[in-house]
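K.L.:
just need the structure, nothing else, for what follows:
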Amino acid sequence: MKLKVLVIAITLLFVFVSCGKNSDNAGVNLGVEIQPETITDELYVKMNYEYTAADKFAGFDKEHVVYVHFWRIKNKEMLMGDDHTPEPKVTDWKKGDIVKYSRTIFIPKFLDEFDIDFEGYEKIKLTVGLYIPKVKKSSIILFQKVLDIHAASLNAPEVVYDEGWWQIETDLKIKIPRERTWRWTKKKAACIIENPKKESLLILDGRVDKLQHKDQKVIFKINGNTLEEFIPEKDAFSKRYIVTPEMMGREDEFKLTIETDKTFTPSVVIPGSKDTRELGVRIYNLYFRENIK
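P.N.:
Model (predicted):
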């Protein structure tokens, strides 16, 4: 009896972990490839989708949305999602069609490496399917797979906040999640970054205070060479750069600097403030990882 139960359990696990297409998939087969192969939190990943309208595909007379859900198995919470409308729309699909496209999504930081029960990774269930907006029980599961999400420290280049930075600040009352934690720079701040010696993606999300300086300039440099010099159109800005091995040099580390031409001291310009720090640019996010193509 125990052996029979074990066989059933193994069979169910195989169905759950394998490509996971629903038996009633409306004649649509879906393959999903994720890049890079090693997935961590705090990572942009590329999702490559390939839909095939098989022989039994009868077509769709109503528009459907693709849902892409990442579920934490241990606590049954949805970690993230990327619902979207495919192009071309499903009502234009015909038998024999193969629809391919890619989307990039960000896996947020959610793993606690200091948790005594943390084993170096967490299993996440990825489910992809179709549904008709505002119509209950219209979901069609096309793909399911269990993924191991590792801690970012596994393969992310180390970033050391060197001179010119103030301590991390947090305000959980801020509505925009990515703006709840930040570091202020002084007039000039530097990061020492491990050199992966591969083409990499650098993302810098930040904010200047236009109430203090309408024309405050921000300058990013790598190893002393200017990456970009700009005056943000609005307070908040988000910048993306492809950093080549030539830009990083041959050393095991390289230097990223963030500079500004104007700073302010809150205690001087804001009535009642006791903050005597010299503040330059507020940085919410500094992302640096190998670039995915």
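K.L.:
helix or strand: which one has the residue most central in space within the chain?
P.N.:
The geometric centre of the chain, computed from its C-alpha atoms, lies nearest to residue 106 (C-alpha atoms, centre = their mean), at 1.5 Å. Secondary structure assignment for residue 106, by DSSP states H and E: strand 98-107.
K.L.:
tell me what the residue nearest to the centre of the chain is bridged to.
P.N.:
Residue 106 has the following beta-bridge partners by DSSP bridges: residue 44.
K.L.:
I'd say it and residue 46 touch.
P.N.:
No: using C-beta atoms under 8 Å, residue 106 is not in contact with residue 46, being 11.2 Å away. For the C-beta atoms, the positions are set from N, CA and C on the backbone; glycine is no exception.
K.L.:
what pairs with the strand or helix carrying residue 259, parallel or antiparallel?
P.N.:
Assigned by DSSP H and E, residue 259 falls within strand 253-260. Take DSSP bridges as the rule and strand 253-260 pairs in its sheet with strand 188-194 (antiparallel), strand 218-222 (antiparallel).
K.L.:
quick one: average confidence on it?
P.N.:
Computed over strand 253-260, the mean pLDDT rounds to 98.
K.L.:
so what touches that strand?
P.N.:
Contact with strand 253-260 is made by 162, 164, 185, 187-195, 202, 204, 208, 216-224, 247-248, 280-281, 283, as judged by C-beta atoms under 8 Å, 6 or more residues apart in numbering.
K.L.:
over to stretch 166-184?
P.N.:
108, 161, 165, 185-186, 205-207, 236, 277, 279-285.
K.L.:
ok, 6 Å please
P.N.:
The set of residues external to stretch 166-184 that reach it, using C-beta atoms under 6 Å, 6 or more residues apart in numbering, is 165, 279, 282-284.
K.L.:
show me which of those residues are buried.
P.N.:
For the contacts of stretch 166-184, a burial check counting by 16 or more other C-beta atoms under 10 Å picks out 165, 279, 282-284.
K.L.:
can you list those in a markdown table and add secondary structure?
P.N.:
Formatted as a markdown table, those follow (DSSP: H, G, I helix; E, B strand; the rest coil):
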| residue | secondary structure |
| --- | --- |
| 165 | strand |
| 279 | strand |
| 282 | strand |
| 283 | strand |
| 284 | strand |
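K.L.:
what's the closest of those residues to residue 41?
P.N.:
Looking at these and their distance to residue 41, the nearest is residue 284, at 17.0 Å (C-beta to C-beta).
K.L.:
just the helices in the stretch 1-150 of the chain please.
P.N.:
2-17 (DSSP state H, counting those that start in this stretch).
K.L.:
strands along that one, start to end?
P.N.:
In the stretch 1-150 of the chain, the strands defined using DSSP state E, counting those that start in this stretch lie at 28-35, 39-40, 43-53, 65-72, 77-81, 98-107, 121-131, 140-150.
K.L.:
tell me which other helices or strands the second one touches.
P.N.:
Under the contact criterion of 3 or more C-beta pairs under 6 Å, 6 or more residues apart in numbering; DSSP states H and E, the helices and strands touching strand 39-40 comprise strand 140-150.
K.L.:
how about the last one?
P.N.:
Of the remaining helices and strands, those touching strand 140-150 by 3+ C-beta pairs under 6 Å, 6+ apart are strand 28-35, strand 39-40, strand 121-131.
K.L.:
check which helices and strands the first one is in contact with.
P.N.:
Pointing back at strand 28-35 there. For strand 28-35, the packing partners by 3+ C-beta pairs under 6 Å, 6+ apart are strand 43-53, strand 140-150.
K.L.:
got the buried residues for the helix or strand following the last one?
P.N.:
It refers to strand 140-150. Moving toward the C-terminus from strand 140-150, the next helix or strand (DSSP H and E) is strand 159-161. Within strand 159-161, the residues scored as buried using 16+ other C-beta under 10 Å are residue 161.
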